[in-house]
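# what follows is a predicted protein model with its sequence.
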Amino acid sequence: MENSANRRPAPVWALIVLHVLLGVGAVVSGGMLLAAPDGHLMQMPLSMLEHSPFSDFLIPGAILFTLLGIYPLCVAYGLWKRPGWRWPDAINPFKGIHWSWAGSLAAGVIGVIWIVVEIITLRSFVFLQILYLVWGSVLILLTLLPVVRRYYTRP
């Protein structure tokens, strides 16, 4: 049982849930694009890519699957369990804070960049893009909350 000093604040729980939902959705969507790079499983015509550097959805699917799927799931695990792994600290610029905090911040930035590049590249702007732009921004804002940062700051 956790004592009050280790009890997760509500914004931490929100971060974990948002990362899990983002990760699961991107693993499924990215997996569908990897399985069918012509986009037919997601009912996305290749014509969507006419202004992009891609001829099919294979590379976008791989990016979606890894950077917005597997990565946020790993971050969610780190936020939840706070494992004492040292290898992620090799790229953690915030040495006094658990690597999962930096990973959460990075996942939010990756999500925002992904959607902005998608909007520019595809020359479209739809509700789902707005949703994921807000989602990435919320990840960033929740991560930056002082209560969240304190929770992940090493003693």
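Perfect, thanks for sending it.

# where's the longest helix anywhere in the chain relative to the chain centroid, distance-wise?
If you go by DSSP state H, the chain has its longest helix at helix 10-35. Chain-centre distance of helix 10-35: 7 Å, with Cα atoms, centre = their mean, to the nearest Å.

# can you list the helices and strands that the next helix or strand after it packs against?
Following helix 10-35 in sequence order, the next helix or strand is helix 58-65 (DSSP states H and E). The contact analysis (3 or more Cβ pairs under 8 Å, 6 or more residues apart in numbering; DSSP states H and E) places helix 58-65 against helix 10-35. Backbone N, C-alpha and C define where each C-beta goes, glycine included.

# mind giving me the packing neighbours of the helix it packs on?
Helix 10-35 packs on helix 58-65, helix 71-81, helix 99-122, helix 127-144, helix 146-152, going by 3+ Cβ pairs under 8 Å, 6+ apart.

# the third one vs helix 127-144, what angle?
On the basis of axes from the mean of the first three to the mean of the last three Cα atoms, to 10 degrees, helix 99-122 is oriented at 150 degrees to helix 127-144.

# only alpha carbons, please: show helix 99-122 as CSV.
The C-alpha trace of helix 99-122 is given here as CSV (Å, rounded to 0.1, in the frame of the first residue of the first chain):
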residue,chain,number,x,y,z
TRP,A,99,13.1,9.5,-17.2
SER,A,100,9.4,8.8,-17.6
TRP,A,101,8.7,12.5,-16.9
ALA,A,102,11.0,13.5,-19.8
GLY,A,103,9.5,10.8,-21.9
SER,A,104,6.0,12.1,-21.3
LEU,A,105,7.0,15.6,-22.3
ALA,A,106,8.7,14.2,-25.4
ALA,A,107,5.6,12.2,-26.3
GLY,A,108,3.4,15.3,-26.1
VAL,A,109,5.9,17.2,-28.3
ILE,A,110,6.1,14.3,-30.8
GLY,A,111,2.3,14.2,-31.0
VAL,A,112,2.0,17.9,-31.7
ILE,A,113,4.7,17.8,-34.3
TRP,A,114,3.2,14.8,-36.0
ILE,A,115,-0.2,16.5,-36.3
VAL,A,116,1.2,19.8,-37.5
VAL,A,117,3.4,18.1,-40.1
GLU,A,118,0.3,16.0,-41.1
ILE,A,119,-1.8,19.1,-41.6
ILE,A,120,0.9,20.9,-43.6
THR,A,121,1.7,17.8,-45.7
LEU,A,122,-1.8,16.5,-46.4
